[in-house]
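Peer 1: Attaching a predicted model along with its sequence, questions to come.
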Amino acid sequence: MDKTEYMRLSSISENEPNSNNSSIVILDKISKNYNGYKVLNNVSFHIDEEDIMGYIGPNGSGKTTTIRILMGLLRNFEGRLQIEGIPVPARIEELNGMIGYLPQHVSFQRWRTVDQALKTFGRLSGLNEDILEERIREVLKRVDLSEVRHKKIVHLSGGMIQILGLAQAILHNPKFLVLDEPMASLDPENRYKVKQIIRELNRNGTTVLFSSHILSDIQDIATKIAVLNRGQIMHTGSMDTLRTRLHSTNDIDIVLSSIFKQTLDLTKIEGVKGVEYPQPNRLLVHLKDKVNMDEVSRNLQRFLMAGSYSIRSFTPYVPNLEELYVKFINGGDNQ
Amino acid sequence: MSLKLLFKDELKGFYKSNVMVFLWIGLPLVVTLFHILTPNTGDIPFSTMTALVVSTLGGTLAAIMLAVSIINEKEEHVYTLFVIRPIKRRDLILSKFLAVYTCLAIATVLALMFGLALDYFYGTLPPESMLSGTFFEFALALSMIAVSSAVGVFLGVISPSVLVGVILVIYVGNQLSALPMLSISMKLSIPAMIPQVLGGLGLSTPSMFSWITEIPGSLRFTFVIGMVLVMILLAASIAIFRKKEL
């Protein structure tokens, strides 16, 4: 990629922080139509070398389509896509062995054992025979599938097949790992294991893109997130930038020791804009702009104590990803 | 490189899923059963009858095996993990075709040898004409199975479901695979006409093709029509498979 091209791609989206020299993947105004329906509309973002990027969006928002375009599985689309400076899909074969991919619905031929599947995919990814055996042993040990190495895949549970899918994706030590809903069918123990593996791979220099519906998983491991809704990128950046973008800092999270009776009207307190009740004993108090937070906090505490409520906690509200996401998808972005 | 690897892999798959055993033991068993049920085949040598039975049965088996396997693997997204790797989609198709064809060709040869043994045992075919007389049967059976296999690949690639695929194989597969048999009924040899046509134009048959003219006309027709059909069907299958979003 020459310098002019690089500069052009660096300003690909209003929402998109500038890509830099360490950008391994650059999507530039990618659009995809299915039977006249625009599944992706000018999707632009970049992934840097050190990133674990979480890709989130509602069902049908276009996450899997984006991933399939990235993998060269969908070839007819508008826009430009580059991985390591190589245009995809035109020259995707030059990325031999550089990418690992776990599809959303991973499937293997019925007759294969775990060992046979990994041997075939290892060989097809270009691993030499002399290191293949050792590498399979290593990867199976890492994903805890050593015991089923010679079992037929059809006899494995859904979760194990998903983990085997991850094993084939990381077998050839890819530089860029793409995981489509990697934790969807896993129990908590396996989800924890997969997250550990993703972190470990990233520490060792693998760039990761993964989509998930389980937002807590994304919150746990993603260093950057991209939010997709109805085929359009709504946000890319860190969790903190999303929080800053959406969250009014004038919110207070109050947990009481007993159920709050909503007959007590907190909006009577000066500076309080509104109240939400996420749980029977939890209040989320929205304050008006430019109020004296300390004064309103004192008044709130007094008001509640006068109503014979014991306060268990009283903290500035920091939304989790799920709350931010719902707010975002429902059009809560006022900026 | 990937074709060789995938071909070996497919063969391993047939071995592991016992397909080979069912074919290699099954087809000679069918021949035995046929012999028990129809001991008297009139003037027709038993090996010729065997060739017809085996090529029809083997051809249908090949077409169904390939069509069902390709449709199932497409539906289950098995190919995704292959096509993201540095292999050619063409090799996925060719490896399947070659593996099924190899398995069935061996089964066919085994069954025909068995038919020949029965002819020899009952003296229905003179020992001196065993080789020359049965060469055509072998070629016909192998040619029909090659066409059936190619039909199976093509229908597997284009069919949206297993049921549709199987119906199409039964409707179309048998008809197409019977084309090499035209040489029997028509007693006509297109390849034999080529040197005549070229000669009429004052041209001679290129030396690299002269071997064609040395084999009997009906055998040449069987061979040529089989090859042409297989190539057309496989080329079309590969072209469609390349464009498919797997």
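Peer 2: In hand now; what should we look at? Quantities reported herein were computed from a predicted structural model and do not represent experimental measurements. Numbering: from 1, shown residues only, chains lettered A, B, ... in the order given.
Peer 1: Around chain A, pick out the residues from chain B.
Peer 2: Within reach of chain A by C-beta under 8 Å from any C-beta of the partner chain, chain B has these residues: B:2, B:5, B:9, B:12-13, B:16-17, B:73, B:76-78, B:80-87, B:245-246. C-beta coordinates here come from the backbone N, C-alpha and C atoms, glycine included.
Peer 1: least trustworthy helix or strand in chain B by mean pLDDT?
Peer 2: Using mean pLDDT, DSSP states H and E, helix B:210-214 stands out as the lowest-scoring helix or strand of chain B, at a mean of 54.
Peer 1: What's the first helix or strand after that one?
Peer 2: helix B:217-243 (DSSP states H and E).
Peer 1: what about the longest helix in chain B?
Peer 2: Taking DSSP state H as the criterion, chain B has its longest helix at helix B:89-122.
Peer 1: which stretches of chain B form helices?
Peer 2: Using DSSP H, helices in chain B cover B:2-16, B:19-37, B:46-75, B:80-83, B:89-122, B:130-158, B:162-168, B:174-177, B:182-186, B:190-200, B:210-214, B:217-243.
Peer 1: In TSV, list these along with mean neighbour count and distance to A:Leu324.
Peer 2: Shown next, in TSV, are the helices of chain B (neighbours: other C-beta atoms under 10 Å in any protein chain shown; distance: least, C-beta to C-beta, whole Å):
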stretch	mean neighbour count	distance to A:Leu324
helix B:2-16	17	46
helix B:19-37	16	54
helix B:46-75	24	38
helix B:80-83	20	32
helix B:89-122	21	42
helix B:130-158	24	46
helix B:162-168	17	45
helix B:174-177	18	60
helix B:182-186	15	72
helix B:190-200	14	73
helix B:210-214	12	74
helix B:217-243	18	41
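Peer 1: so which of these gets nearest A:Lys195?
Peer 2: Nearest to A:Lys195, of all the helices of chain B, is helix B:80-83, at 22.6 Å by C-beta to C-beta.
Peer 1: for the stretch 201-335 of chain A, what spans make up the strands?
Peer 2: Secondary structure of the stretch 201-335 of chain A (DSSP state E, counting those that start in this stretch): strands located at A:207-211, A:224-229, A:232-237, A:251-256, A:272-279, A:282-287, A:311-316.
Peer 1: Would you point to the one among those that's packed deepest?
Peer 2: With neighbours defined as mean count of other C-beta atoms under 10 Å in any protein chain shown, those peak in mean count at strand A:207-211, which reaches a mean of 25.
Peer 1: any idea of the angle that strand forms with strand A:224-229?
Peer 2: 30 degrees (axes from the mean of the first three to the mean of the last three C-alpha atoms, to 10 degrees).
Peer 1: Any stretches of the chain with poor pLDDT?
Peer 2: I went with chain A, as the question did not name one. Scanning chain A for pLDDT under 70 picks out the ranges A:1-21, A:245-249, A:331-335.
Peer 1: Switch to chain B, please.
Peer 2: B:1, B:43, B:123-134, B:174, B:177-220, B:246.
Peer 1: and chain A, which of its residues are near chain B?
Peer 2: A:68, A:71-75, A:93, A:96-97, A:99, A:101, A:103, A:105-112, A:116, A:120-121, A:123-126, A:168.
Peer 1: mind checking how far stretch A:280-300 is from the chain centre?
Peer 2: With C-alpha atoms, centre = their mean, to the nearest Å as the basis, stretch A:280-300 stands 32 Å off its chain's centre.
Peer 1: Name the residues that touch that stretch?
Peer 2: Stretch A:280-300 is contacted from outside by A:248, A:250-260, A:266, A:269-278, A:312, A:314, A:317, using C-beta atoms under 8 Å, 6 or more residues apart in numbering or on different chains.
Peer 1: for stretch A:227-236, how far is the first residue from the last?
Peer 2: Across stretch A:227-236, the terminal residues are separated by 6 Å (C-alpha to C-alpha, to the nearest Å).
Peer 1: same question, stretch A:179-192
Peer 2: 15 Å.
Peer 1: Of the helices of chain B, which is nearest A:Leu304?
Peer 2: helix B:80-83 (56.8 Å).
Peer 1: for that closest one, the distance to its chain's centre please.
Peer 2: That offset, for helix B:80-83, works out to 28 Å (C-alpha atoms, centre = their mean).
Peer 1: Contacts made by it with the rest, please.
Peer 2: Residues contacting helix B:80-83 (C-beta under 8 Å, 6+ apart): A:73, A:101, A:103, A:106-108, A:121, A:124, A:168, B:6, B:89, B:92, B:246.
Peer 1: can I get the helices of chain B in CSV with distance to A:Asp48?
Peer 2: Formatted as CSV, the helices of chain B follow (distance: least, C-beta to C-beta, whole Å):
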stretch, distance to A:Asp48
helix B:2-16, 33
helix B:19-37, 49
helix B:46-75, 36
helix B:80-83, 27
helix B:89-122, 32
helix B:130-158, 40
helix B:162-168, 45
helix B:174-177, 55
helix B:182-186, 65
helix B:190-200, 64
helix B:210-214, 63
helix B:217-243, 34
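Peer 1: Of these, which is nearest A:Ala226?
Peer 2: Of those, nearest to A:Ala226 by C-beta to C-beta is helix B:80-83, at 22.4 Å.
Peer 1: In strands, which of the residues of chain A next to chain B appear?
Peer 2: A:99, A:101 (DSSP state E).
Peer 1: Now which of the residues of chain A next to chain B would you call buried?
Peer 2: A:68, A:71-74, A:99, A:101, A:103, A:106-112, A:116, A:120-121, A:123-125, A:168 (16 or more other C-beta atoms under 10 Å in any protein chain shown).
Peer 1: Select from these every entry located in helices.
Peer 2: Short answer: those in helices (DSSP H) are A:68, A:116, A:120-121, A:123-124, A:168.
Peer 1: A:Leu201: which of the residues you listed is nearest?
Peer 2: Closest to A:Leu201, out of all of these and judged by C-beta to C-beta, is A:Gln168, at 14.1 Å.
Peer 1: what's the distance between the residue lying closest to that closest one once chain neighbours are set aside and A:Asn128?
Peer 2: Leaving aside its sequence neighbours, A:Gln168 sits nearest to A:Phe121 (C-beta to C-beta, 6 or more residues apart in numbering or on different chains; 4.6 Å). In this view, A:Phe121 and A:Asn128 are 14 Å apart by C-beta to C-beta, to the nearest Å.
Peer 1: now do A:Arg91
Peer 2: In terms of C-beta to C-beta, A:Arg91 sits 24 Å off from A:Asn128.
Peer 1: who has more neighbours, the two?
Peer 2: A:Arg91 (13 against 9; other C-beta atoms under 10 Å in any protein chain shown).
Peer 1: The residue nearest to A:Gln168 against B:Pro86, yeah?
Peer 2: No: with contact defined as C-beta atoms under 8 Å, A:Phe121 does not reach B:Pro86; the gap is 11.6 Å.
Peer 1: From the contact counts, what lies against the longest helix of chain B?
Peer 2: Counting contacts by 3 or more C-beta pairs under 8 Å, 6 or more residues apart in numbering or on different chains; DSSP states H and E, helix B:89-122 is packed against helix B:2-16, helix B:19-37, helix B:46-75, helix B:80-83, helix B:130-158, helix B:217-243.
Peer 1: Pull the number of nearby residues for A:Leu118.
Peer 2: Count around A:Leu118 with other C-beta under 10 Å applied: 26.
Peer 1: Quickly note the distance from it to A:Val154.
Peer 2: In terms of C-beta to C-beta, A:Leu118 sits 16 Å off from A:Val154.
Peer 1: quick revisit: what would the contacts of helix B:80-83 look like in CSV with distance to A:Ile56?
Peer 2: Output for those, formatted as CSV (distance: C-beta to C-beta, whole Å):
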residue, distance to A:Ile56
A:Leu73, 21
A:Tyr101, 19
A:Pro103, 18
A:Val106, 20
A:Ser107, 24
A:Phe108, 28
A:Phe121, 28
A:Leu124, 31
A:Gln168, 25
B:Leu6, 37
B:Arg89, 32
B:Leu92, 33
B:Leu246, 25
